[in-house]
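> Give me a model of this one.
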Amino acid sequence: MTKKKIILGLHTGHDASACLFIDGKLAAFCKEERVTRVKNVGRYFHLKSINEVLRIAEIELDDIDAIAMTRLKLPISSFKKTDTPVKTKIKQLFASKREINIISQMLKTGIYSEQTLISTKAICKEMGFREEKPIYFTNHHLAHNLCSLKFTDWEDGLFLSCDGGGDRLQYAAYGLKNNQFKRIIGGDEETFSTGQNSAASIGLAYSYATKLAGFTPNRHEGKITGLAAFGKPELADELISKFRIENGAVLSEFSGLDELHRYLDKIFEHKDRTVIAASIQQATEQVTLKWVKNLLELFPTRHIALTGGVFSNVRLNQLIAEIEGIQEIYVFPAMTDDGLSIGCAVDAEIQSDGLEKLYRYRLEHTYYGYNYTAHDLEKAASGHSLKTISTLDAAKKAAELLKDGYVGAIFTKSMEMGPRALGARSILASPAQRDVNDSINLRLERTEFMPFAPFVLSDDAREVFEVNDANEYACRFMTITTNVNPKYHDVIPAVVHVDGTARPQIIYKEDNPLYYSILEEFKALTNIPCLVNTSFNAHEEPIINTPEEAVTA
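Residues are numbered from 1 along each chain as shown. Got it, this is the predicted structure:
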C-alpha cells in the first residue's frame, strides 16, 4: 500500500492556526483560539492547535512528511549558528528573546534564503520530530491566494488578497491562465525591495476608523459594516480622493501610518459613529472596486477569488460580484490570517510536485474540526443534569420549539473552519420577528448592527435571495450579501438589513443532515424558508469547541 502524503500547515502570527493535508485534500483544521479560548491568539511558535489537528486526523507527529509555515515566529535556536552576520546580529539584537521574526531577520541580514538562514533540523527537533522533515516557507499574500486557488476549479481567474499587512504587503494579485499562476502585484519581489506603503492600506484605514467609532480594531470591523447602513457617508469622497490606482497598485497621499491616523483623527473628530461607519465603508468599497476593475483591465477574466481580512466585508464582496461580466466569485471562508496555514500547505504541494499536479477541488463544507461522538455529547449533558432525546426526534422537536419562539443551539459534526458559524456550532431562532436580534444580543451581551444571518435550503435559495451563478459558491459560506426578494422582507424580517440585503448560507443535506432537517421541519410547520444562524459563543469569546463548553455556555 502506498503511503499517504501528509503535510502540516502552520501560521504562527495573530489568528494562529494549524492544518493537515492528506494526499492533497484538507483533512483537519484548527484555529489556535478554539483550543486556548483566547480570541485572535498567536504570535508564538509552539501551537496547541498542532496536537488538535493530529487528534482530528488520528495520526502521530512523525507520520507527517513535510511542514509548511508562514515566515513569522521561530525559536532562536532555529537559526543557523555560523560565522555569518546572522550569528552576530542574533547575539546583538535578540539575545534576550526566545523567538524572533523570520522576515525581520532576513531584512536585517540581507539573507533572503530560508535554507541559508534557518536550520530545518533544529526546527524539527524543537517540534518533537524524531527525524528531520522538509520545511517550506511561504509569502503571506501568496499563502492567502493559494487558499483560493486550491478550492476553485477555474482554468483562468484573478486571485486577490487585501488586508492590514503581512510580509510588508497589504495587497496582492495573481492571475491564473494556461496552468500558470503568475504574480501581478505583491509577492517577495516587493517584500524584499521597498515593500508597500502601509498608509495605502484601506484595510488599516478601516481598522483605525473602527477604533474611532468606539470599537476594537482587528475584531469589530464587522460592526462597522453593519452600522454603515444607518449613517450618511459625508466624508467618503474626501477619503476616496486620498487614494489612487496605478498599474494594479493602490497608492495614497500619506507618507506613513502616523500621517494616515492624524488625518482620520481630524476628519472624524466629533462625528457620529454612523457617519464614520458609512464614510469608511463607502470609501473602502469605491477604492477596492477601482482596484479590482483596474486589475481586470490588466488581466481580463470572468472569475474572481478574494481573501484577506478586507474581504471579510460581505457588502464589499457583493459589489465585486456585481461587476459586469463576472461569472463567478469565490471568497475563501477562512479569509483572515487563520487561513494562512492552509495556503502554506498548498504551496508545499506546489513546491514539491509542481503546479500542474496540484489537486484542486471545490470546497463543499467547512467542518474540519474534531468530530465528537454522541457519547461525548451525552456525557457532557449528563454531567449538568440535562435531558436528552432520540436523535431521530431532534430535528422535529427543535423545529417545534423554534416555531414557538424559543432560541436554541446546535452542536453537531466537526467544528467549522473560519470566522463564521455554519451549522456545527450555531445559535438558531425563527426569523419571523425582527426583535429576536435584540433579545439574542441582550442575552449574549453583544452589540451588533447587522441582522443575524439566515440559512436556507438549497432548493429555496434563488427564490428567497438574489442568488445566481456568480455568487452561489460564496453563499455556501456566508461570505457575501445578496439582495432579498422584496416579497420576503416581511416574512423573514429578522435577517433583512435596512438596505434590503442579507448574508445567506445555502445548505445541502449531505453536508450537515441535522442542520438541514431542522430547517426542513421548520419550513413544513411555518412555510418560512429560513432560520436565523449566529455563532454559538459567549460575549467576546471564541466559538464553542467542545461538548462541555456547549452545555456550560
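> In the stretch 251-400 of the chain, where is pLDDT below threshold?
391 (pLDDT under 70).
> residue ranges for the strands of it, please.
303-307, 328-331, 367-371 (DSSP state E, counting those that start in this stretch).
> Which elements pack onto the shortest one?
The contact analysis (3 or more Cβ pairs under 8 Å, 6 or more residues apart in numbering; DSSP states H and E) places strand 328-331 against strand 303-307, helix 314-321, helix 472-475. Where you see a C-beta, it was placed from the backbone N, CA and C, and this is true even at glycine.
> Out of these, which is the most enclosed?
strand 303-307 (a mean of 27; mean count of other Cβ atoms under 10 Å).
> least trustworthy helix or strand in this protein by mean pLDDT?
Averaged element by element with mean pLDDT, DSSP states H and E, the chain has its least confident helix or strand at helix 85-94 (a mean of 53).
> returning to what we had before: include distance to residue 387 when you put the strands of the stretch 251-400 of the chain into CSV, please.
Below are those laid out as CSV (distance: least, Cβ to Cβ, whole Å):
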stretch, distance to residue 387
strand 303-307, 43
strand 328-331, 40
strand 367-371, 24
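> For the lengthiest helix in the chain, list every residue counted as buried.
When the chain is scanned for its longest helix (criterion: DSSP state H), the result is helix 273-298. With burial defined by 16 or more other Cβ atoms under 10 Å, the residues of helix 273-298 counted as buried are 273-289, 291-292, 294-296.
> Next, the angle from it to strand 303-307.
Counting by axes from the mean of the first three to the mean of the last three Cα atoms, to 10 degrees, helix 273-298 lies at 140 degrees to strand 303-307.
> returning to that earlier point: specify the stretch among the helices and strands packed on strand 328-331 that is closest to residue 498.
helix 314-321 (12.1 Å; Cβ to Cβ).
> Tell me what angle that closest one forms with strand 303-307.
Using the same axes, to 10 degrees: helix 314-321 against strand 303-307 is 160 degrees.
> Okay, domains of this structure per the record?
6-139+359-363, 154-331, 368-552 (automatic domain parsing).
> I'd like those domains laid out as JSON lines, including distance to residue 341.
Below are the domains of the chain laid out as JSON lines (distance: least, Cβ to Cβ, whole Å):
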{"stretch": "domain 6-139+359-363", "distance to residue 341": "4"}
{"stretch": "domain 154-331", "distance to residue 341": "13"}
{"stretch": "domain 368-552", "distance to residue 341": "10"}
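> Quick check: which of those domains is nearest to residue 346?
The nearest among these, by Cβ to Cβ, is domain 6-139+359-363 at 7.7 Å.
> For the closest one, measure first residue to last.
19 Å (Cα to Cα, to the nearest Å).
> list the helices and strands the longest helix of the chain packs on?
Counting by 3+ Cβ pairs under 8 Å, 6+ apart, helix 273-298 packs on strand 157-166, helix 202-212, helix 221-227, helix 236-240, strand 243-246, helix 257-268, helix 314-321.
> Out of these, which is the most enclosed?
Most buried among the helices and strands packed on helix 273-298, counting by mean count of other Cβ under 10 Å: strand 157-166, with a mean of 26.
> How far does it sit from its chain's centre?
Distance of strand 157-166 from its chain centroid, counting by Cα atoms, centre = their mean, to the nearest Å, is 12 Å.
> Name every strand pairing with that strand and say which way it goes.
strand 169-177 (antiparallel), strand 303-307 (parallel) (DSSP bridges).
> Could you list the residues in contact with the shortest one?
Which is strand 303-307. The contact list for strand 303-307 (Cβ atoms under 8 Å, 6 or more residues apart in numbering) reads 144-145, 147-149, 152, 154, 156-162, 292, 317, 320-321, 323, 326-332, 335, 339.
> let's see 6 Å
In this structure, residues lying in contact with strand 303-307 by Cβ atoms under 6 Å, 6 or more residues apart in numbering are 144, 147-148, 152, 154, 157-161, 328-332, 335.
> what's the answer for the longest one, then?
Where contact means Cβ under 6 Å, 6+ apart, the residues beyond strand 169-177 that reach it are 141, 145, 156-162, 181-186, 190, 196, 201, 248, 250, 295, 299.
> rewinding a little: mean pLDDT lowest where, among the domains of the chain?
Among these, domain 6-139+359-363 carries the lowest mean pLDDT, a mean of 90.
> Then residue 74 would be within a helix, right?
No - applying DSSP: H, G, I helix; E, B strand; the rest coil, one finds residue 74 to be strand, outside a helix.
> what pairs with it across the strands?
residue 100.
> burial of it, as a residue count?
24 (other Cβ atoms under 10 Å).
> Distance of it relative to residue 528?
53 Å (Cβ to Cβ, to the nearest Å).
> Ok, residue 449 next?
Counting by Cβ to Cβ, the gap from residue 449 to residue 528 is 24 Å.
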